[in-house]
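>>> sequence and computational prediction follow.
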Amino acid sequence: MQREMIYIALGSNLGNSKQLILDAMDKLELWIRSTLVRSSLWRSRPLDCPDGSADFVNAVVGYEAPDGENPMHLLQRLQALEAESGRPATRERNSPRSLDLDIVCIGSLVMNTTDLTIPHPRAKDRAFVLLPLQEIAPELVFPDSGLSVKELVAKVSSAGVVRI
């Protein structure tokens, strides 16, 4: 039986963003004790960010969900990794950040709590998530929409999003 996949989006626009993303990928791989499927790195213009915000470096990784993976525990681990990279716990919405880690999907799971919504509620509208995700999982179907990554990519503008 094939395990469900977990997909995580990574972004950074403070500091050495490329290195921060690569380091985060390496740390995630150590946590899961398995190989990550990694997208290329992408550059994107800031979306809904304060004036003068730097471009982002983005990527998406995927891995097989371990038995008993708890989404809230995963969220806590990702937030700890963000904090380790220098991201403050309290910040202005959409402010520049050294590391941003978002759970995009966990298999067919659909959940909505005050702390976590899966699939990520805005991932389906963001080329900087969909284009890297298409590299590693083009046939992935978002369980809340029934649309594949390939179908969603065809619906969004990719202006300002380029592979590095």
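In hand now; what should we look at?
>>> give me the contact list for the helix ranked longest in the chain.
Criterion DSSP state H: the longest helix present in the chain is helix 17-32. For helix 17-32, contacts defined as CB atoms under 8 Å, 6 or more residues apart in numbering pick out 8, 10-12, 35-36, 38, 41, 54, 56-59, 61, 63, 66, 77, 81, 85, 98-99, 101, 164. C-betas here are computed from N, CA, C, even on glycine.
>>> next structured bit after it?
Downstream of helix 17-32, the first helix or strand assigned by DSSP states H and E is strand 37-38.
>>> what packs against that next one?
Under the contact criterion of 3 or more CB pairs under 8 Å, 6 or more residues apart in numbering; DSSP states H and E, strand 37-38 touches strand 56-64.
>>> just checking, what packs against the strand it packs on?
The elements that strand 56-64 packs onto, with contact taken as 3+ CB pairs under 8 Å, 6+ apart, are strand 5-12, helix 17-32, strand 37-38, strand 42-44, helix 127-136.
>>> ok, which of the ones you listed comes nearest residue 73?
helix 17-32 (11.1 Å; CB to CB).
>>> buried stuff in the closest one?
For helix 17-32, the buried set under the neighbour-count rule, 16 or more other CB atoms under 10 Å, comprises 17, 20-25, 28, 32.
>>> same question, stretch 73-80
By 16+ other CB under 10 Å, the buried positions in stretch 73-80 come out as 74-75, 78.
>>> just these now: which is nearest residue 107?
Relative to residue 107, the closest of the buried residues of stretch 73-80 is residue 74; by CB to CB it sits at 12.4 Å.
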